[in-house]
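Undergrad: Build the 3D model from these lines:
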Amino acid sequence: MYKLLGIDYLQISTGRGETMETSTSIDSKGWRGFLRKHWRLLTLFIVAGVSTAVGAVYVFLWFVASAQGAGLVPKTIGLWTMAHGLTFLLNLVFWELVLVGIPVIIASLVGWWWWRRLPAEEKREYHLFDSPMHSRSDGSGAVSLLFWIAFSIRVYLDGNWNVAVASWTLDYLVYTSVWTMIWMLIIFGIPGSVIGIIWWITHEARKKSQL
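TA: Numbers count the residues shown, from 1 in each chain. Here you go, the predicted structure:
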């Protein structure tokens, strides 16, 4: 009814004489409109996110090879001690922070500075102050189970199903885990992204046809 009258906002009077505005077009003027306007920045953030993920994996693989070559940890998993595990973890965290974490922090500060300098009028235009935040259930359990199944399949295909885990090398464990995650992204991530894009295009086309 309000759209027929050309009214975008419903005025609701409060008991103190104040007025609260409820938008009838938050979905169309919210984050989608904002990201559509700043699509170049969105593309930059996506490229930076992918580069960060690739860089973190590369640093991890580099450190695994370096740690074994320098004698920091044994190559065979069965020879590891708690001291080896703690030393490996602390050094890995250090190099990840230095080579990946610092650039991410700098990029986050730049993004926060850009957001702070964004005009308040634009934020109000796209309802960025009052957009509700929806909580989502954590699907880490399902992802962990799926990873374990994919990892087991990879070990079986490698012919190591009946091989003692203690005889595995660190290289084999790491590279098998990494390739398992890559194949999970290829098998589930790409189709999921395509379905999401198709749904978004269909949803936008349906909205425009109803105007």
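
Undergrad: Which helix or strand lies directly C-terminal to whichever helix or strand Phe147 is part of?
TA: Phe147 belongs to helix 140-157 when elements are defined using DSSP states H and E. As assigned by DSSP H and E, the chain's next helix or strand after helix 140-157 is helix 170-184.

Undergrad: Next, the buried residues of the helix or strand that comes right after that following helix.
TA: Going down the chain from helix 170-184, the next helix or strand is helix 190-210, by DSSP H and E. Neighbour counts over helix 190-210 (16 or more other CB atoms under 10 Å) mark no residue as buried. Where C-beta positions appear, they are placed from N, C-alpha and C, glycine not excepted.

Undergrad: How far off centre is helix 190-210?
TA: Distance of helix 190-210 from the chain centroid (CA atoms, centre = their mean, to the nearest Å) equals 20 Å.

Undergrad: quick one: what helix or strand has the residue nearest to the spatial centre of the chain in it?
TA: Note on the chain: the residue nearest the mean C-alpha position is Gly49, at 7.6 Å, using CA atoms, centre = their mean. Gly49 is part of helix 39-69, with elements assigned from DSSP H and E.

Undergrad: Tell me what angle that helix forms with helix 170-184.
TA: 160 degrees (axes from the mean of the first three to the mean of the last three CA atoms, to 10 degrees).

Undergrad: what angle sits between the very next helix or strand once past helix 39-69 and helix 39-69?
TA: Using DSSP H and E, the helix or strand that follows helix 39-69 in sequence is helix 82-96. Counting by the same axes, to 10 degrees, helix 82-96 lies at 150 degrees to helix 39-69.

Undergrad: Now do the helix or strand following helix 82-96 against helix 39-69, angle only.
TA: As assigned by DSSP H and E, the chain's next helix or strand after helix 82-96 is helix 102-117. With the same axes, to 10 degrees applied, the angle from helix 102-117 to helix 39-69 works out at 160 degrees.

Undergrad: buried residues in helix 102-117?
TA: Ala107.

Undergrad: Could you name the helices and strands sitting against it?
TA: helix 39-69 (3 or more CB pairs under 8 Å, 6 or more residues apart in numbering; DSSP states H and E).

Undergrad: Run the chain-centre distance for the helix it packs on.
TA: So, by CA atoms, centre = their mean, the centroid of helix 39-69 is 12 Å from its chain's centroid.

Undergrad: buried ones in it?
TA: 59-60, 63-64, 67-68.
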